[in-house]
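# just the structure for this:
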Amino acid sequence: MIEAGIKDFGDGIKILAGGHEHFRWPLEIHATRFTSTAIKAIEQAGGRALAVYHSPEDLRRLRDPERAWRKDPEAAMKQFSLPRRLKDQLFYREPSNRGYLAPGASLSDGFKRIYEMPQHI
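Presented below is the predicted three-dimensional model:
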């Protein structure tokens, strides 16, 4: 999304289903949230939707990684945080939301290095 020029994340990015009838490619999409129709369209095309949490600090690092690196190289390399609020923890643990903390959810080894993960996953 950053490579496409999307830089205004606000509280994250929610994937909507507008234009879903044209979605035909199997992509793995990581976003803050998805509508149920978007999840269905992505999965029907053979792709995967994964809802992942990003703190405001994480979103700033994603929005401008070069600036984050110049400001603090060590902080720019740290893992993305776990959700702190109970509401967010419950959301990302829910399989129907395609949460990355849900039982049975799997992250590739590369993403496990990016996201801070509890020990049980």
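
# hey, let's count contacts and neighbours off CA atoms from now on
OK.

# what stretches of this protein score poorly on pLDDT?
Within the chain, the ranges that satisfy pLDDT under 70 run 1-10, 116-121.

# now do the helices in it.
36-44, 56-63, 65-71, 73-76, 86-92, 109-114 (DSSP state H).

# and the longest one, which residues are buried?
To tie it back to what came earlier, the one meant is helix 36-44. Neighbour-count burial for helix 36-44 flags 38-43 (criterion: 16 or more other C-alpha atoms under 10 Å).

# same for that helix, what does it pack against?
For helix 36-44, the packing partners by 3 or more C-alpha pairs under 8 Å, 6 or more residues apart in numbering; DSSP states H and E come out as strand 48-51.

# who does the strand it packs on touch, helix- and strand-wise?
Judged by 3+ C-alpha pairs under 8 Å, 6+ apart, strand 48-51 is in contact with strand 28-31, strand 33-34, helix 36-44.

# follow-up on the earlier one: any chance of the buried residues of helix 36-44 in JSON lines, plus distance to P56?
Formatted as JSON lines, the buried residues of helix 36-44 follow (distance: C-alpha to C-alpha, whole Å):
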{"residue": "A38", "distance to P56": "24"}
{"residue": "I39", "distance to P56": "24"}
{"residue": "K40", "distance to P56": "28"}
{"residue": "A41", "distance to P56": "28"}
{"residue": "I42", "distance to P56": "26"}
{"residue": "E43", "distance to P56": "28"}
